[in-house]
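Asks: what's the 3D shape of this:
(one chain, ligands or ions: 1)
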Amino acid sequence: MVTQKKDLCEFCEGKVEYHLIQAMFHFKGQTIYVDNVPAWVCKRCGEQYFDAPVYKRLEEIARRRSRIKKTVRFPLAEYNMILS
Ligand SMILES: [Zn+2]
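Replies: Reported below is the predicted structural model:
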């Protein structure tokens, strides 16, 4: 969500703090992850707020996703996997 600098979360009114985060960003049906994104994060519910210029840059990055050099793979478990 794009925002002006803020102190309280719009959803739960929790305290919002400035962090560098790994942001998950949805763009035209694709999801990209961007490391070290400056963002405001709610301490209570985890909602992430981006300043407008930051959000713009994330959009630019998503648009040029073919230039992204690193691909991250996450382990994806099946809930019904055999555990014995
Ligand atoms: Zn919140």
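Asks: All the strands of this protein, residue numbers only.
Replies: Remark: strands assigned in the chain by DSSP state E are 2-3, 16-27, 30-42, 48-51.
Asks: among the ones you listed, where is the model least confident on average?
Replies: Comparing mean pLDDT across these, the weakest is strand 2-3, with a mean of 67.
Asks: how about the residues of this structure that lie near the ion?
Replies: For the chain, the contact set with the ion under C-beta under 5 Å from the ion comprises 9, 11-12, 14, 42, 44-45, 47. (Glycine included, C-beta is placed from N, CA and C.)
Asks: Turn those into CSV, columns for neighbour count.
Replies: Shown next, in CSV, are these (neighbours: other C-beta atoms under 10 Å):
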residue, neighbour count
C9, 19
F11, 12
C12, 13
G14, 16
C42, 20
R44, 13
C45, 12
E47, 17
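Asks: Can you convert those into JSON lines and add a column each for distance to L83?
Replies: Output for those, formatted as JSON lines (distance: C-beta to C-beta, whole Å):
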{"residue": "C9", "distance to L83": "38"}
{"residue": "F11", "distance to L83": "36"}
{"residue": "C12", "distance to L83": "35"}
{"residue": "G14", "distance to L83": "36"}
{"residue": "C42", "distance to L83": "35"}
{"residue": "R44", "distance to L83": "33"}
{"residue": "C45", "distance to L83": "32"}
{"residue": "E47", "distance to L83": "34"}
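Asks: Buried deepest among the strands of the chain, which one?
Replies: strand 48-51 (a mean of 18; mean count of other C-beta atoms under 10 Å).
Asks: rewinding a little: in TSV: the strands of the chain, plus distance to T71.
Replies: TSV is the format used below for these (distance: least, C-beta to C-beta, whole Å):
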stretch	distance to T71
strand 2-3	27
strand 16-27	14
strand 30-42	10
strand 48-51	22
